[in-house]
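> test case, fold it:
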Amino acid sequence: MIANNEHPEFESNLARRHRAGKFWRGIFRISTVVGVLALVALLLNVGNSTMGYAAVTYKIHPDELAINGIPLENLHQSDLAYILKENVSQGLYDNLESQKLFVERSQKEVYKLVIANVAQPKVLGTWKLWPSLTAKQAVYQDAADRFAEKFPDYEIQFINWFTKDFITTPQSSDPVQAGVRTAILGSLWVIAITIAFSFPVGVGAAIYLEEYATDSTLQRLIQTNISNLAGVPSIIYGLLGLAVFVRALEVITSGTAFGATDPTTANGRTVLSAGLTMALLILPLIIINAQEAIRAVPQSLRQAGMGLGATKWQTIWSHVLPNAIPGILTGNILAVSRAVGETAPLVVIGASTFITVNPTSPFSKFTT
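Prediction:
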């Protein structure tokens, strides 16, 4: 064993390395703590904003709509429909009934329509959860100073904005009644079409390029273009989708060719166009990631399969793909996550910013 005093350089270097290790360990711990604190702060901010006191006024107070002393929320569906018919224009009433017959609606659905179209609540001001819990008197005084003179009949209500109704209600021009149902359904439709097109095409292209294509000028040209397309800004794919799917292939993407829509009102700004555009956007990423996963499979597995008499495709299907699937799926998840977060291509294609009708087919108009 060598004594440390015979090698002072080694001893000083070892101490320096230990100090460096402790320093970077401290940095990594601090980074982790900062990340956790940032996440906690974000969650607290979201929670603080989703509920609290609100100053509300009504065009017609719900208490005034009670029948025979029965509160509005407890009235029968037919009574609610009667109140709606007596207090809105005939055109609005007919429009609501044409969307769905009142006899087919639940009591809760008709009640919401009465509140939205007859009572017409208007939020004058809101306060977040923390001041609502810790400074109730200050909130009431602030509301009185701001609204008592102009809206003497205002009320202070504790409202939870993030409820089931927020998820299940369609978009509305009134913030109090607005929900995100149509946007959620539109996103699901678009991503479903994106995955259905991009996954088989991308993995198939990767298998061909890695297992079948020979090292030729054409193969190198294709590989170079795929790598370049992975770095193209998403807005370019939006322009491509507008030119190809919305305009050139309008007959198909609008559903006119299949008799799904009226040719006089159809256009290509549909779920199908959006899904295909998103598929083109992530296709290069899927191909590149799938190629890397296939390339990582040991060559010995291929040789063993063929040595036992299996064909090339049998070897790929039974040995290569099962071992490459984890890497392929990881690449697909990352690619799809990019598609979920993209906005620019959908804006170019024509995703509506306000739509109240759920998408029901690939040829529906949509928002996301």
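> pull up the pairing partners for the longest strand along the chain, direction included.
If you go by DSSP state E, the chain has its longest strand at strand 51-58. Using DSSP bridges, strand 51-58 pairs in its sheet with strand 121-126 (antiparallel), strand 155-160 (antiparallel).
> counting by contacts, list what the next helix or strand after it packs against.
Once strand 51-58 ends, the next helix or strand along the chain (criterion: DSSP states H and E) is helix 77-87. Under the contact criterion of 3 or more CB pairs under 8 Å, 6 or more residues apart in numbering; DSSP states H and E, helix 77-87 touches helix 90-99, helix 107-114. No exception for glycine: its C-beta is placed from N, CA and C like everyone else's.
> now those helices in JSON lines, with mean neighbour count and mean pLDDT?
Converted to JSON lines, the helices and strands packed on helix 77-87 look like this (neighbours: other CB atoms under 10 Å; pLDDT from 0 to 100):
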{"stretch": "helix 90-99", "mean neighbour count": "12", "mean pLDDT": "84"}
{"stretch": "helix 107-114", "mean neighbour count": "18", "mean pLDDT": "86"}
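> what about stretch 143-154, start to end distance?
9 Å (CA to CA, to the nearest Å).
> helices or strands up against the helix or strand hosting Ala38?
Assessed by DSSP H and E, Ala38 sits inside helix 8-49. For helix 8-49, the helices and strands in contact under the criterion 3+ CB pairs under 8 Å, 6+ apart are helix 129-134.
> again, 6 Å this time
Under the contact criterion of 3 or more CB pairs under 6 Å, 6 or more residues apart in numbering; DSSP states H and E, helix 8-49 touches no helix or strand at all.
> now that helix: average pLDDT?
For helix 8-49, the mean pLDDT works out to 90.
> same check on stretch 74-88?
On average, stretch 74-88 scores 88.
> which parts of that stretch are buried?
By neighbour count with 16 or more other CB atoms under 10 Å, stretch 74-88 contains the buried residues Leu75, Gln77, Asp79, Leu80, Ala81, Ile83, Leu84, Asn87, Val88.
> for that stretch, which outside residues touch it?
With contacts defined as CB atoms under 6 Å, 6 or more residues apart in numbering, stretch 74-88 is touched by Leu65, Ile67, Tyr93, Phe102, Gln107, Val110, Tyr111, Leu113, Val114, Asn117, Val118.
> quick check, nearest of these to Ala38?
Nearest to Ala38 among these: Tyr111, at 41.4 Å, using CB to CB.
> show me the contacts for the closest one.
Leu80.
> mind putting the contacts of stretch 74-88 into TSV with distance to Ser216?
As requested, the contacts of stretch 74-88 are exported to TSV (distance: CB to CB, whole Å):
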residue	distance to Ser216
Leu65	77
Ile67	82
Tyr93	70
Phe102	68
Gln107	70
Val110	68
Tyr111	69
Leu113	66
Val114	71
Asn117	68
Val118	72
